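> predicted structure and sequence below. I'll ask about it afterward.
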Amino acid sequence: MNAGKSTLLLQSAHNYDEQGMQALLFTAAIDNRYGEGVIQSRIGVSSPAEVFDAQTHFIKVVEEFHQAAKVDCVLVDEAQFLSREQVDQLARVVDELHIPVLCFGIRTDFQAEPFPGSARLLAIADKLSELKTVCSCGRKATMTVRLDEAGRVIAAGEQVQIGGNERYDSKCRRHYQELMDNANGLNAN
């Protein structure tokens with residue numbers, strides 16, 4: 001959250017476009033905050049994208065696009081929503097179709113549990129790059145807390161709940177743990 005993942009993805013797409021190359025963009029169907037098939041960064045930059053859901057078979061979809069018009073790169077936003085199988089399909093796009101794939105997403109949910117897609121990406125990716133954001137204390141934020149409508153930290157719930165700054169806040173590990181302990185009633189102070 002708040003590290004500029006979508007902004008970097010859109011910048012990468014722009015760089016390919018400037019060189020006369022075709023980037024194929026994907027975003028999760030479940031995240032339709034800005035409309036279906038739209039990748040939008042918090043700074044206001046946006047682009048249309050293909051949507052993926054649990055039934056999307058990436059090797060087939062990319063092959064179809066590649067046959068119609070050469071695809072030079074595949075960019076995937078909200079990669080935490082990929083399944084393990086879809087990550088493996090994207091690896092096949094790299095290995096068999098020789099098309100670079102760049103995936104942008106978060107590692108863990110608000111309970112510090114890995115998303116299946118993220119875990120698989122961490123296991124098999126050729127290269128990992130971490131984008132940094134900061135906690136309110138100024139330290140590197142690596143965790144995300146979920147907030148309720150009143151801005152209070154929530155310690156339990158479904159793994160996936162779509163939202164932005166109104167629903168999530170990035171924290172360093174120390175402040176994440178303090179906030180989760182408070183939400184769970186574990187602090188005696």
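Alright, I've got the coordinates. Residues are numbered from 1 along each chain as shown.

> going forward, measure contacts between C-alpha atoms and count neighbours the same way
Will do.

> thought Pro48 was touching Ile39?
Yes - counting by Cα atoms under 8 Å, Ile39 is a contact partner of Pro48 at 6.3 Å.

> more neighbours, those two?
Between Pro48 and Ile39, Ile39 has the larger neighbour count (other Cα atoms under 10 Å), namely 29 against 15.

> show me the beta-bridge partners of the more buried one.
Following DSSP bridges, Ile39 is listed with bridge partners Ser47.

> pretty sure it is touching Glu78, no?
No - applying Cα under 8 Å, one finds Ile39 not in contact with Glu78, separated by 9.3 Å.

> between those two, which contacts overlap?
The contact sets of Ile39 and Glu78 overlap at Thr27 (Cα atoms under 8 Å, 6 or more residues apart in numbering).

> Arg92 and Gln177: what is the separation?
From Arg92 over to Gln177 the distance is 38 Å, taken as Cα to Cα, to the nearest Å.

> need the contact list for Leu75.
Contacts of Leu75 (Cα under 8 Å, 6+ apart): 9, 13, 23-26, 101-104.

> put the alpha carbons of stretch 72-80 into PDB.
Output of stretch 72-80 as PDB, limited to C-alpha atoms (Å, rounded to 0.1, in the frame of the first residue of the first chain):
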ATOM      1  CA  ASP A  72       6.300  -6.900 -26.100                       C
ATOM      2  CA  CYS A  73       5.600  -7.100 -22.300                       C
ATOM      3  CA  VAL A  74       2.900  -8.200 -19.900                       C
ATOM      4  CA  LEU A  75       2.200  -6.000 -16.900                       C
ATOM      5  CA  VAL A  76       0.000  -7.300 -14.100                       C
ATOM      6  CA  ASP A  77      -1.400  -5.000 -11.300                       C
ATOM      7  CA  GLU A  78      -2.900  -6.400  -8.100                       C
ATOM      8  CA  ALA A  79      -0.800  -9.500  -8.500                       C
ATOM      9  CA  GLN A  80      -1.700 -10.700  -5.000                       C
END
